[in-house]
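S.K.: Provided below are the primary sequence and the corresponding predicted coordinates.
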Amino acid sequence: MSNFKIATFNANSIRSRLDQILDWLDREQPDVLCVQETKVQDKDFPAQPIEEAGYHVIFRGQKAYSGVAILSQTAPADIVAGFDDEAENDDGADAPRLLRAVYHGVTVVNSYVPQGREPESEHFQYKLRWLARLRALLERHYSPDDLLVWVGDLNVAPEDIDVYDPKGLRYHVDFHPDAQAALEAIRQWGFVDVFRLHHPGEPQQFSYFDYRANNPIERGIGWRIDHIWATAPLAAKSTRAWIDVEARKAARPSDHTFVVAEFGL
DNA sequence: ATGGTAGTAAAACTA
């Protein structure tokens, strides 16, 4: 193994975005693609066309909402879905947001972080707890010295340059100081934002554009909430990272796009 | 402008 290429994509339904994903795999040939918001229960997951395209796939989903999957050229090892803590997880309700496995000796953690809806809501408190539980999971199972990458729709824009209007969005759940603090606590465990490492200070680098705005892409109404974060030893091996704006030219694109990083292993 | 669109799944919820 020399070049290890990993990408993340919030599909907003993997079934409605299957052609776009298969085209993208054919063009980009990533080793690993992490998908969020698959919006499909496991019995209806479209594994066959993905496997026919030469990719392994693991997934955990539920009807209509959330759901995660990892597509890969090599077989996954040590697959775990969901948290293994005692909190709020008796019914496995958190599993469709968290899936991890090992590829080429690199632990890949794929997350669909809860969005949070409104800052005053219980949903936002759940988001903050979810991030704290993930930090505890990392603490429990891994070391910052491991080769580990955390990717996904993290539903938090870390810095002012990561949103189109930092003043106007100050208390939005994806840009809220409490959400940023929860993300920062995970960063301090031992992560490097690999995209930002290779694009320091670059504004207007967004991975998500709200469908509901008028011409959001043309007007730059975007957010950088889809991330690839690596532990320090893995980040030291990173060679480049980018947001695939070309992928938006698909016939029916998601409101998110692909974020990609490469590592020399 | 507190709207707007897209998806699931079959009316209302989620983002």
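M.R.: Perfect, thanks for sending it.

S.K.: Doesn't A:Val40 belong to a helix?
M.R.: No - counting by DSSP: H, G, I helix; E, B strand; the rest coil, A:Val40 is located in no helix; its state is coil.

S.K.: Next, count neighbours for the closest residue to it other than its chain neighbours.
M.R.: Nearest residue to A:Val40, sequence neighbours excluded (C-beta to C-beta, 6 or more residues apart in numbering): A:Gly61, at 5.1 Å. Backbone N, C-alpha and C define where each C-beta goes, glycine included. The burial count assigned to A:Gly61 is 25, neighbours taken as other C-beta atoms under 10 Å.

S.K.: Just confirm A:Gly61 contacts A:Val68, I think it does.
M.R.: Yes - A:Gly61 sits in contact with A:Val68 when judged by C-beta atoms under 8 Å, with a separation of 7.2 Å.

S.K.: what residues are shared contacts of these two?
M.R.: A:Thr38, A:Pro96 (C-beta atoms under 8 Å, 6 or more residues apart in numbering).

S.K.: What residues does the stretch 101-250 of chain A have near DNA strand B?
M.R.: Where proximity means C-beta under 7 Å from any atom of the strand, the interface of the stretch 101-250 of chain A facing DNA strand B comprises A:Pro114, A:Gln115, A:Arg117, A:His123, A:Tyr211, A:Arg212, A:Ala213, A:Asn214.

S.K.: So how do I select the buried members of those in PyMOL?
M.R.: Selecting only the buried members of those in PyMOL, with burial defined as 16 or more other C-beta atoms under 10 Å, works like this:
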select buried, chain A and resi 114+115
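
S.K.: Contact partners for the residue nearest to A:Val40?
M.R.: For A:Gly61, the set of contacting residues under the criterion of C-beta under 8 Å, 6+ apart consists of A:Thr38, A:Lys39, A:Val40, A:Gln41, A:Asp42, A:Phe45, A:Gly67, A:Val68, A:Ala69, A:Pro96.

S.K.: Of the residues you listed, just the buried ones, ChimeraX syntax please.
M.R.: For selection in ChimeraX, the members of the contacts of A:Gly61 meeting the burial criterion (16+ other C-beta under 10 Å) are listed in this command:
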select /A:38,39,40,45,67,68,69,96
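
S.K.: Against DNA strand B, which of the contacts of A:Gly61 make the cut? List them.
M.R.: Checked against DNA strand B using C-beta under 7 Å from any atom of the strand, the contacts of A:Gly61 give the following subset in range: A:Lys39, A:Val40, A:Gln41.

S.K.: residue contacts, the closest residue in space to A:Asp226 that isn't next to it in sequence?
M.R.: Among residues not flanking A:Asp226 along the chain, A:Ser207 sits closest, at 3.8 Å (C-beta to C-beta, 6+ apart). Residues counted as contacts of A:Ser207 (C-beta under 8 Å, 6+ apart) are A:Gly222, A:Trp223, A:Arg224, A:Ile225, A:Asp226, A:Ile243, A:His256, A:Thr257, A:Val259.

S.K.: ditto for A:Asp44
M.R.: The contact partners of A:Asp44, taken as C-beta under 8 Å, 6+ apart, are A:Arg15.

S.K.: tell me the phi and psi of A:Gln125?
M.R.: Dihedral pair for A:Gln125: phi -60, psi -40, per degrees, to the nearest 10.

S.K.: since we're on it, how many residues are nearby?
M.R.: Counted with other C-beta under 10 Å, the burial measure for A:Gln125 works out to 14 neighbours.

S.K.: same check, this time on A:Val35
M.R.: When neighbours are counted by other C-beta under 10 Å, A:Val35 registers 27.

S.K.: How much space separates it from A:Phe9?
M.R.: With distances taken as C-beta to C-beta, to the nearest Å, A:Val35 is found 5 Å from A:Phe9.
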